[in-house]
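> Mind folding the following:
(chains A and B)
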Amino acid sequence: QAVVTQEPSLTVSPGGTVTLTCGSSTGAVISDHYPYWFQKKPDQAPRTLIFDTYNRHPWTPARFSGSLLGGKAALTLSGAQPEDEADYYCLLSYSGSVVFGGGTKLTVL
Amino acid sequence: QVQLVQSGAGVWRPGASVKVSCKASGYSFTTYGITWVRQAPGQGLEWMGSISANNGNTNYAQKFQGRITMTTDTSTRTAYMELRSLRSDDTAVYYCARGDDFWNGYDTLDYWGQGTLVTVSS
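This is a model prediction of the structure:
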C-alpha cells in the first residue's frame, strides 16, 4: 500500500501564508490522484475543504487553495485566521483504494 | 439539508462485534455511496472502505478484509458498518461520509456523520 506523507506540524502567524504538502511513496502526485484536503478540529467531524486538487466546496473559505506543486499536492492558506488552527489531512486515490496522509498540525501563532 | 446521523457510543469486549449505523436524509440515498473512516485516539484519519448505495458493491481497505462488512438498507436510508473480532486498537471514533467515488473528480466525502466512539475494553 502507498504511503502518503505530510509535514507533522507547521506554524503560521495570523494573517500569514503557509503551504501544506502531500507526497506519495509511489512517485509524483498528479491530477489522477484526485487530491482531497480535510480540516479536523478536536471533537468535530472532519470538514472537506478541497476536492480534485483545487475545487472548493461552498463552505470553503477563499483563503484556502489547492494545487500541485513540485510533485506534491499542496494546500495554501493565505491570510491565516485563529480559527484555522487545526489538523489537516490529505487523501490520495490509487487503483482500487484511497489513502490518507498522516496529517499536519497547523498552529496559528 | 443533507444529514448523516450515526448511532451512539458504547463499550465492547475484545473479540466481540460492533455494528455502527448511519442514517441519511436530505438527498436521494441511492445516488451516493457511503464511506467509513475512523480515527483512533491521537492518531490520524484512516479509510476503512466504501459501499455503493445503488447496488451494494463494496470496496474494503486491505487491512480490514475478512473482518468488516458494510451494508445499506434503502428502505430506511441507513448504512451499516460491522467490524468483528474487536481488539483494543480498534478503539476509535468511526465516521460515515457521503460518497464512494474517488476516481472521477467528484466531491466525495462532502457530508459527514457526527462520529461514533467505539471503545474496546474488557
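
> Could you use CA atoms for every contact and neighbour count after this?
Noted.

> Past the helix or strand where residue B:96 lies, which element shows up next along the chain?
Using DSSP states H and E, residue B:96 sits within strand B:92-98. Downstream of strand B:92-98, the first helix or strand assigned by DSSP H and E is strand B:116-120.

> Could I have the CA atoms of that next one written out in CSV?
Taking Å, rounded to 0.1, in the frame of the first residue of the first chain, the C-alpha atoms of strand B:116-120 are listed here in CSV:
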residue,chain,number,x,y,z
THR,B,116,-19.4,7.2,16.9
LEU,B,117,-17.0,6.4,19.7
VAL,B,118,-16.3,2.7,19.9
THR,B,119,-14.3,1.7,22.9
VAL,B,120,-13.0,-1.9,23.1
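
> who's in contact with that strand?
Strand B:116-120 is contacted from outside by B:6-14, B:20, B:86-95, using CA atoms under 8 Å, 6 or more residues apart in numbering or on different chains.

> One more: stretch A:88-108?
The contact list for stretch A:88-108 (CA under 8 Å, 6+ apart) reads A:2-14, A:20, A:22, A:32-40, A:80-82, A:84-87, B:44-47, B:59, B:61, B:102-103.

> Now the buried members of those.
By neighbour count, with 16 or more other CA atoms under 10 Å in any protein chain shown, these hold A:4-7, A:12, A:14, A:20, A:22, A:33-40, A:80-81, A:84-87, B:44-47, B:59, B:61, B:102-103 as buried.

> Just the ones in strands from those residues, please.
In strands, defined here by DSSP state E, the members of the buried ones among the contacts of stretch A:88-108 are A:4-6, A:12, A:20, A:22, A:36-40, A:86-87, B:45-47, B:59.

> Which strand residues bridge residue A:23?
Under DSSP bridges, the beta-bridge partners of residue A:23 are residue A:5.

> what's the burial count for it?
Neighbours of residue A:23 under the rule other CA atoms under 10 Å in any protein chain shown: 22.

> gap between it and residue A:17?
20 Å (CA to CA, to the nearest Å).

> sorry, back to before: drop anything exposed from the contacts of strand B:116-120.
For the contacts of strand B:116-120, buried by 16+ other CA under 10 Å: B:6-7, B:12, B:14, B:20, B:86-87, B:90-95.

> Now narrow these to whatever sits close to chain A.
The subset of the buried ones among the contacts of strand B:116-120 within reach of chain A, by CA under 8 Å from any CA of the partner chain, is residue B:95.

> May I see the buried ones among the contacts of strand B:116-120 organised as CSV, with pLDDT added?
Putting the buried ones among the contacts of strand B:116-120 into CSV (pLDDT from 0 to 100) gives the following:
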residue, pLDDT
B:6, 98
B:7, 97
B:12, 98
B:14, 98
B:20, 98
B:86, 98
B:87, 98
B:90, 98
B:91, 98
B:92, 98
B:93, 98
B:94, 98
B:95, 98
